[in-house]
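Student: Please find the sequence and the predicted model below.
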Amino acid sequence: MSERDRTNPGAASYPSSGGGSGAGSSADTLTAIRLIAGRELTTRLRSKAFRVMTAIVLLVIIGTVLAFHLLPGIGSGGSKVGVLQADAALTQQITSAADAVGAHVDTVPVADEAAGRTRVADGTLDALVIPRESGRLQVVVQSELDPALQTALIVASRNLVQDKAIRALGGDPAEVNAAIAQAGVVVDPIKPPKQYDVQQLVLGAAAGILIYLSLMIGGQLVAQGVVEEKSSRVVELLLATVRPWELMVGKVLGIGALGMIQIVLYGVVGVGLSSALGTLTLSVGSAVGTVIWLIVWYLVGFVMYAFAFAAAGALVSRMEDASGVIMPITSFVIVGYVVGISVLPSDPSNSFAEVLSIIPLFAPTLMPMRLAMGGVPVWEAVMSLLLALATIPLLAALAGRIYRNAVIHIGSRVPLRKALARG
């Protein structure tokens, strides 16, 4: 065994492809990339940091799903209201009033007032409604009454008083209510607005958060790995066996596979648990489609950004300098995430977010959120994906040149102009 092999036994496992200048066969190239990617994947899979981080995110996902399932009103986006079993008229009035004001209210029959108060106290009901002789409705809550529910109950109370007055005058409240129900405004939009489900909005926000975390963590792992190899001079030994671009591609693919394992795990656990508990009532096709798009956009986004992170990491030799060179890259990820998480949940049809989601550098965070929320035209989804795919070879070529010229320079930061110069 040579002195180089005794210093770094791992380097001996890579097939020779002519070092930094040899042409090498395509079989040797693929073997080298596969071995490098496998080494990155297995090393990081065994790391305690990976296991702890994955476990923490899984616990957060499970806790969020359980919170939506157990806490009243969160999963459904509405309120559960208890009504005495014998009071069918009140139940009908509350339902009609809630529909009229656009509130989501589910009425639940209770045996008596005591049973209803008990269910409000333990949190299984948001409110208990009890009619009084004066025509007022007494509402029992834990602490505060939801404003939307309060509006619906005020309308219901007024309708009950109105019905009582109609009966006193000898009229039929049913006929009067039917006539009133026919009155209203008919809206004739030239361009009908898109309809969004609350659960789709939540699913879209969750997809954006997972993509953002995966791109940020995975990208920084790539940059830090490059800096570590430079600072420890391991890269010099590796480049004696494989070419720079093979080392870069192998590192990107290995860490990318690691991130994909996490994304698939998060998606399956989150969607599977939500569906099993009944918290997620979307169709299986919609839920599975969201997970598939999440995986697709993670792969596209990670490969796109990972090459840029690898190139940035090659510019410096100290870990404390890494944050400075990767900041311009992370800013694109952050901007896309901030726009998506702050704009899309309240305004899914926002024009600015729609345009931004087609631009390749912002698409990996914005487009999966829009796809999960629904209502994305097919041509927008296809164009966004094609543009992102077309950007990958351009970024890979640019990053490859920077990596090749900068990774062998130990010491001070390599100027970008020098790194871009033709070798």
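Tutor: Cool, got the structure.
Student: any chance you could map the strands in this protein?
Tutor: Taking DSSP state E as the test, the strands found in the chain are 79-84, 105-110, 127-131, 137-140.
Student: Which residues outside the last one are in contact with it?
Tutor: So the one you mean is strand 137-140. 90, 116-117, 120, 127-132, 145, 150, 153, 156-157, 160 (CB atoms under 8 Å, 6 or more residues apart in numbering). C-beta here means a position set from N, CA and C on the backbone, and glycine is covered the same way.
Student: how far away is residue 94 from residue 294?
Tutor: Separation of residue 94 from residue 294 (CB to CB, to the nearest Å) stands at 39 Å.
Student: rewinding a little: so which of the contacts of strand 137-140 is the closest to residue 45?
Tutor: Ranked by distance to residue 45 (CB to CB), the contacts of strand 137-140 are led by residue 120 at 49.2 Å.
Student: Can you say which of the strands of the chain is packed in most?
Tutor: Burial of these is given as mean neighbour count (mean count of other CB atoms under 10 Å); strand 79-84 ranks first at a mean of 23.
Student: okay, the strands of the chain in JSON lines with distance to residue 372 and mean pLDDT next?
Tutor: Shown next, in JSON lines, are these (distance: least, CB to CB, whole Å; pLDDT from 0 to 100):
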{"stretch": "strand 79-84", "distance to residue 372": "26", "mean pLDDT": "82"}
{"stretch": "strand 105-110", "distance to residue 372": "25", "mean pLDDT": "83"}
{"stretch": "strand 127-131", "distance to residue 372": "32", "mean pLDDT": "84"}
{"stretch": "strand 137-140", "distance to residue 372": "36", "mean pLDDT": "84"}
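Student: among the ones you listed, which is nearest residue 322?
Tutor: strand 79-84 (49.9 Å).
Student: Tell me the strands beside the closest one, with direction?
Tutor: strand 105-110 (parallel), strand 127-131 (parallel) (DSSP bridges).
Student: could I get those as JSON lines with distance to residue 346?
Tutor: Shown next, in JSON lines, are the strands paired with strand 79-84 (distance: least, CB to CB, whole Å):
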{"stretch": "strand 105-110", "distance to residue 346": "22"}
{"stretch": "strand 127-131", "distance to residue 346": "26"}
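Student: Residue 417 is nearest to which of those strands?
Tutor: Across those, residue 417 has its closest neighbour in strand 105-110 (64.7 Å, CB to CB).
Student: Now do the closest one: distance to the chain's middle.
Tutor: Its chain's C-alpha centre and that of strand 105-110 lie 33 Å apart, by CA atoms, centre = their mean, to the nearest Å.
Student: go on, stretch 43-63?
Tutor: Distance, centroid of stretch 43-63 to centroid of chain: 17 Å (CA atoms, centre = their mean).
Student: swap in stretch 201-213?
Tutor: Offset of stretch 201-213 from its chain centre (CA atoms, centre = their mean): 1 Å.
Student: coming back round to it: just send the strands of the chain back as TSV, with distance to residue 258 too.
Tutor: As requested, the strands of the chain are arranged in TSV below (distance: least, CB to CB, whole Å):
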stretch	distance to residue 258
strand 79-84	43
strand 105-110	44
strand 127-131	48
strand 137-140	53
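Student: Which one, of these, ends up nearest to residue 43?
Tutor: Among the strands of the chain, the nearest to residue 43 by CB to CB is strand 79-84 (50.8 Å).
Student: so how far is the closest one off the chain centroid?
Tutor: Worked out by CA atoms, centre = their mean, strand 79-84 lies 34 Å from the chain centre.
Student: Kindly format the C-alpha coordinates of that strand as CSV.
Tutor: Backbone C-alpha positions of strand 79-84 (Å, rounded to 0.1, in the frame of the first residue of the first chain) are rendered in CSV as follows:
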residue,chain,number,x,y,z
SER,A,79,-67.2,25.2,15.3
LYS,A,80,-69.0,22.4,17.0
VAL,A,81,-72.2,23.7,18.7
GLY,A,82,-74.3,21.7,21.1
VAL,A,83,-78.1,22.0,20.9
LEU,A,84,-80.7,20.2,23.0
